[in-house]
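Engineer: build me a model:
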Amino acid sequence: MSLSRFEAQRRALEEELKDVFSGREGFLYDLLRYHFGWADQRGQPEDLPLALHLQSLLALVCCEALSGDFQAALPAAAGIELVYNFTLVHSDVQSGRVDQQDRPSIWWVWGPAQAINAGDGLHALGRTTIMRLAQRGVAADQVLRAVGLLDGACLTLCEGQYMDLDFQDQLLVTTGAYYDMIGRKTGALAGCSAELGALAAGGDESVCLQVRAAGTRLGMAWQIGQDINDFWGRRGDGMTASNVLNKKKSLPLILAMETAELAVKRELGNIYAKRVLQPDDVSRVIEILDQAQARQSSEAKARELVDEALAALADAGLAEDRMGDLKFLSMWVLEGNG
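Structural biologist: Take a look at the predicted model:
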């Protein structure tokens, strides 16, 4: 399932982002342009297409669903995209991920210190980019509100990231704690994006809150999809991400630990008690998860969250004929894309 139906939004968002970078020269911006695929490691121009992400796309899709046009939300989507990439750059450093979006990560090329600096720059740019909403006719008090919403979401996602990292040192994590974590780490920014789209469309406070609730749940469902991919791969081929070897406590593992027999729990505990997990350990963990039907249970939770998101959008008063793109995006989330 492809996001090619959103090509007009992708092109407009890329143009907005490039305008944000217009006139900004120097080493820091060479790094950031490299991260987005607009420059190579020597700072020479490249032209790789911008990858669409749920987090920024939600602002555009929600704005269009409410107003019939996504243009007013472009600064919000660009600000969210910059902040989302700030989290990617910092996460690469935290997890030791070598590649990001099919090219070497900033930290791998220039070192973790410069990567942290680059991530901070992305965060600052994201905040200032939100202020460009004034250029799209959004009232000054609503622009100030939008900046506050982004700041609040950034703080919340950092809380979630702290929890996620802390879980790596815990043997037992409850599903309740996990849902709280992804609601912060992933749901907060997705919810903020959806709300900013509604704000740019002129939605009242009630509509904005319902749309935000929908975005939060879609973000959480998307995170569960990433968790599933970390164990089984997007094609179900068992190709796993580094997150498994880093002992991240994702939903399939947590569900298996909660429901498995005592002997199985002990085996999982012994595996995760090791200082470093080996590929053979990962294979055995996946066998246990398959026996516990953890994938099916995780997928069911993702469907539940998507259903709640669609219900919140209906409560916001969105007409059925305006829900097409949002329903498509919901199905894309359930397929574990991203």
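
Engineer: could I get the full set of strands for the stretch 51-200 of the chain?
Structural biologist: Applying DSSP state E, counting those that start in this stretch to the stretch 51-200 of the chain gives strands spanning 99-100, 103-104.

Engineer: which residues of the protein score low on pLDDT?
Structural biologist: 234-246, 336-338 (pLDDT under 70).

Engineer: so the residue of it most remote from its centre: helix, strand or coil?
Structural biologist: Distance from the C-alpha centroid of the chain peaks at residue 263, with 35.4 Å (Cα atoms, centre = their mean). Secondary structure, DSSP: H, G, I helix; E, B strand; the rest coil: residue 263 is helix.

Engineer: rewinding a little: redo the strands of the stretch 51-200 of the chain as TSV? Include distance to residue 110 and mean neighbour count.
Structural biologist: Yep, even glycine has a C-beta here, placed from its N, CA and C like the rest. Shown next, in TSV, are those (distance: least, Cβ to Cβ, whole Å; neighbours: other Cβ atoms under 10 Å):
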stretch	distance to residue 110	mean neighbour count
strand 99-100	13	14
strand 103-104	10	15
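
Engineer: of those strands, which is nearest residue 217?
Structural biologist: strand 99-100 (26.5 Å; Cβ to Cβ).

Engineer: report all helices and strands that the closest one contacts.
Structural biologist: Where contact means 3 or more Cβ pairs under 8 Å, 6 or more residues apart in numbering; DSSP states H and E, strand 99-100 is packed against helix 74-95.

Engineer: show me what the helix it packs on packs onto, helices and strands only.
Structural biologist: Secondary-structure packing of helix 74-95 (3+ Cβ pairs under 8 Å, 6+ apart): helix 7-21, helix 27-36, helix 54-67, strand 99-100, helix 106-110, helix 112-130, helix 140-167, helix 187-200.

Engineer: buried stuff in the second one?
Structural biologist: Translated: helix 27-36. The neighbour-count check on helix 27-36 (16 or more other Cβ atoms under 10 Å) flags 29, 30, 31, 32, 33, 34, 35, 36 as buried.

Engineer: right, and residue 183 touches residue 160 too?
Structural biologist: Yes - counting by Cβ atoms under 8 Å, residue 183 touches residue 160, with 7.3 Å between them.

Engineer: on that earlier part again, okay, the strands of the stretch 51-200 of the chain in a markdown table with distance to residue 5 next?
Structural biologist: Formatted as a markdown table, these follow (distance: least, Cβ to Cβ, whole Å):
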| stretch | distance to residue 5 |
| --- | --- |
| strand 99-100 | 25 |
| strand 103-104 | 26 |
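
Engineer: let me know which of those strands is the nearest to residue 179.
Structural biologist: strand 99-100 (26.8 Å).

Engineer: ok, the closest one: who's next to it in the sheet?
Structural biologist: Paired strands of strand 99-100, with direction, are strand 103-104 (antiparallel) (DSSP bridges).

Engineer: residues making contact with the strand it pairs with?
Structural biologist: Residues outside strand 103-104 that contact it (Cβ atoms under 8 Å, 6 or more residues apart in numbering) are 34, 37, 41, 98.

Engineer: tell me the two of those that are most distant?
Structural biologist: The two members of these with the most space between them (Cβ to Cβ) are 37 and 98, at 16.9 Å.

Engineer: neighbour count winner among those two?
Structural biologist: Taking other Cβ atoms under 10 Å, residue 37 and residue 98 do not tie; residue 37 has more neighbours (17 against 12).

Engineer: pretty sure the more buried one contacts residue 50?
Structural biologist: Yes - assessed by Cβ under 8 Å, residue 37 is found in contact with residue 50 at 7.2 Å.

Engineer: the strands of the stretch 51-200 of the chain: which one's closest to residue 164?
Structural biologist: Judged by Cβ to Cβ, the one of the strands of the stretch 51-200 of the chain that comes nearest to residue 164 is strand 99-100, at 17.9 Å.

Engineer: go ahead and name everything in contact with that closest one.
Structural biologist: Contacts to strand 99-100, defined as Cβ under 8 Å, 6+ apart, come from residues 35, 88, 89, 92, 105, 106, 108.

Engineer: hmm, back to that, which one of the buried residues of helix 27-36 sits closest to residue 230?
Structural biologist: Set against residue 230, the nearest of the buried residues of helix 27-36 by Cβ to Cβ is residue 35 (22.4 Å).

Engineer: coming back round to it: residue 271: which of the buried residues of helix 27-36 is nearest?
Structural biologist: residue 35 (34.8 Å).

Engineer: residue 92 contacts residue 111, correct?
Structural biologist: No - contact criterion Cβ under 8 Å: residue 92 and residue 111 do not qualify, at 11.8 Å.

Engineer: compare these two (neighbour count), which wins?
Structural biologist: Each of residue 92 and residue 111 has its neighbours counted (other Cβ under 10 Å); residue 92 has more, 22 against 12.
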